[in-house]
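**Q** this one's sequence-less:
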């Protein structure tokens, strides 16, 4: 049988396994054909109209420091606002709960104030370099600008080069009131007040270093330090934010960082910054023939790395870009989970703050359960600060974990188990046993143990749960599906984990008993109910009653009856208009992808794009929230590849219009890196690289007889499992390439041609929008 040519195999070794993928910048000759440069430059957001809100403007960040940029609302033709916010800046008064006393605190903003009146602009947010560039035009001249939030130094740097008539432009800092953003829309707790005003002063009169020092009533401070420095005809603003608690040490640190950064010209800062971002994107690749969705996808990768890092706080509801919001902290009953799903398939585990935070602050999780259960149980409230603390519990100040069968507080008890599913995904996509042994197993054991305190046999001999709360439907129900589904997944995962770790756990018989005897998930003629006492009978944005379908994949449509139940439940859920929100449609898209319904999945994403996604791909409800666009990227992942249940499914739910598609180094469960190409509606080749030597079963989707070869072109043995599925024995670092028998496809990774033109994201000219 003909094998791939030596040229092709060598190309596989470079284009697919190393070379540009190592993160090195392409040479001039490579640049014209570099697939990453091509898709990233195409995805750049552009502005030729002035953005007026956070939902329209550019945004910069590094997981800690964030800046959203738009016209100053108080003077839209005279000033541009550069917000300055930081994910570590919070209050420290737990007696007022996570929504007030531990809330994230606004810091302030700079205004760029030209000499003249603003008449136009031409901006570009370059994804590849994570940098805003362009010009601002006034009736007195122009200001050319470049701006970034430096990846390592956590410094906002804005270089402005004015024309002669605009040399008198200025920067002004406006400190914000250091009070919970929730205070603008909700009653204040008794005794709560904002912190005292920030004090602005010059700290280095010879070099023009300024700082706004914000003291906190609880102790500590946060400090914004800045310096403007001229070089030639350009002036560069350098800004750093530091936070300290309980000691007041932030000022010295902020001044030191600004002085150090300002010694470097903008171009020097940009060089190291760009190197990190260029390497970041090269960890994976995806190209689809829908230009609008492809651009959206790459923007979400930019957004995620701007908002998340492993050592940064778990993303709050609007990432590092704090804006007026009723949700000024971290939300654990859906938001966190959806925010981080895309890091797995896109091969960006360096952004996994969830696993790190749950491990680091595990002792605080015990304190969030009621006193009688703290010795052997853990829970996480609906809302916490970055250290996973909720503080005082009340409907006004913060939502506790609650106790099944009691109210108040609302018995919303499943959030930690759902968050640990994200940790399990990180384990499964890396096969890093340390995650399993040190984080997932001990924490999940105690999360499930909390449920075991309340399970009781009923007259039917089945195990039942007392009333608990299903986010965010309203009302408590016995045998709530949210909790039964998480309990089932947790017990199954603990048993599998104990076997893998060689642990003989004394609780294993109880976990088996739960799986054997727990009551069936409550259903009625319309599908899954909220619980035994509450049918699904009104519009509801959340899919808390459907977690066994997605993302847990406990129910996948293995039988005709099970598939019909999923279809009926999905149709009933999205059939109620009124309360549906953006993540309703990302969840529906992923469930449709599970069922292999690519057309439906694409239609749901289309509803999301047309009804909810804002010009800069942000999203809002009562306030800004970041999880929905990020979860849409995961829905796209689910259309391209699924790896639940021990099988890697290549292109499981593509719409007919997506005849061409390229994916590269997509990370799957089992720690495999998948690359594959589809041309003219046919899968041409599939390549898997094993990082851990885990069992490999792949549904490749190539019709007819196949060839399977290793990285050197030698034939590999495989077991045919039927229905286009094979089993391979790959050791660590080994790879396999699957093609149609006798086919010699080109293994080059390249973008696919779009089916049609589409407007760029941002605010392009009205004729293009």
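**A** Structure's in. What do you need? Here the structure is a predicted model, which means the values were calculated and not measured.

**Q** now do the contacts for residue 349.
**A** Shown in contact with residue 349 (CB atoms under 8 Å, 6 or more residues apart in numbering): 343, 426, 429, 430, 667. Any C-beta I mention is one placed from the backbone N, CA and C, and that applies to glycine too.

**Q** next one, pLDDT for it please.
**A** Residue 349 is assigned 98 on the pLDDT scale.

**Q** can you tell me how far it is from residue 33?
**A** According to CB to CB, to the nearest Å, residue 349 and residue 33 sit 29 Å apart.

**Q** what's the answer for residue 600, then?
**A** From residue 600 to residue 33 the distance is 36 Å (CB to CB).

**Q** out of those two, which sits in the more crowded spot?
**A** Neighbours were counted for residue 600 and for residue 33 using other CB atoms under 10 Å; residue 600 has more, 19 against 12.

**Q** what residues does the one helix or strand the more buried one maps to touch?
**A** Secondary structure from DSSP states H and E places residue 600 in helix 598-611. For helix 598-611, contacts defined as CB under 8 Å, 6+ apart pick out 290, 292-293, 296, 574, 582, 585-586, 588-590, 592-593, 628, 632, 635-636, 638-639, 653-658.

**Q** please indicate which of those are buried?
**A** The neighbour count (16 or more other CB atoms under 10 Å) marks 290, 292-293, 296, 574, 582, 585-586, 588-590, 592-593, 628, 632, 635-636, 638-639, 653-655, 658 as buried among the contacts of helix 598-611.

**Q** spell out the secondary structure type for residue 485.
**A** helix (DSSP: H, G, I helix; E, B strand; the rest coil).

**Q** contacting residues around it?
**A** 521, 547, 548, 552, 554.

**Q** could you measure from it over to residue 449?
**A** Separation of residue 485 from residue 449 (CB to CB) stands at 18 Å.

**Q** also residue 161?
**A** 62 Å.

**Q** related to what we said a few turns ago, among the buried ones among the contacts of helix 598-611, which are located in strands?
**A** Per DSSP state E, strands hold no members of these.

**Q** all helices of the stretch 301-450 of the chain, in order?
**A** In the stretch 301-450 of the chain, the segments counted as helices under DSSP state H, counting those that start in this stretch are 335-340, 342-345, 353-360, 362-367, 415-430, 433-434, 441-452.

**Q** got it, and the stretch 1-150 of the chain?
**A** 6-11, 28-31, 35-43.

**Q** could you tell me the least trusted of those?
**A** Among those, helix 6-11 scores lowest, with a mean of 29.

**Q** ok so, going back, nearest to residue 326, out of the helices of the stretch 301-450 of the chain?
**A** helix 335-340 (13.1 Å; CB to CB).

**Q** which residues sit against the closest one?
**A** 304, 307-308, 314-315, 317, 330, 351-354, 418-419, 421-422, 551, 583, 586, 625-628, 630-631, 634.

**Q** buried ones among these?
**A** Buried members of those, scored by 16+ other CB under 10 Å, are 304, 307-308, 314-315, 317, 330, 351-354, 418-419, 421-422, 551, 583, 586, 625-628, 630-631, 634.

**Q** residue 708 touches residue 716, doesn't it?
**A** Yes - in this structure, residue 708 is within contact of residue 716 by CB atoms under 8 Å, at 4.6 Å.

**Q** what's the overlap in contacts for these two?
**A** Here residue 708 and residue 716 have 728, 736 as joint contacts, going by CB under 8 Å, 6+ apart.

**Q** please enumerate the strands of the stretch 601-750 of the chain.
**A** 641-642, 648-650, 661-668, 672-679, 682-690, 696-699, 706-709, 719-722, 725-728, 735-740 (DSSP state E, counting those that start in this stretch).

**Q** mean confidence score for the fourth one?
**A** On average, the pLDDT along strand 672-679 is 98.

**Q** same for it, what does it pack against?
**A** If you count contacts as 3 or more CB pairs under 8 Å, 6 or more residues apart in numbering; DSSP states H and E, strand 672-679 packs onto strand 648-650, strand 661-668, strand 682-690.

**Q** using a markdown table, lay out those strands together with mean neighbour count and mean pLDDT.
**A** Below are the helices and strands packed on strand 672-679 laid out as a markdown table (neighbours: other CB atoms under 10 Å; pLDDT from 0 to 100):
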| stretch | mean neighbour count | mean pLDDT |
| --- | --- | --- |
| strand 648-650 | 25 | 98 |
| strand 661-668 | 23 | 98 |
| strand 682-690 | 21 | 98 |
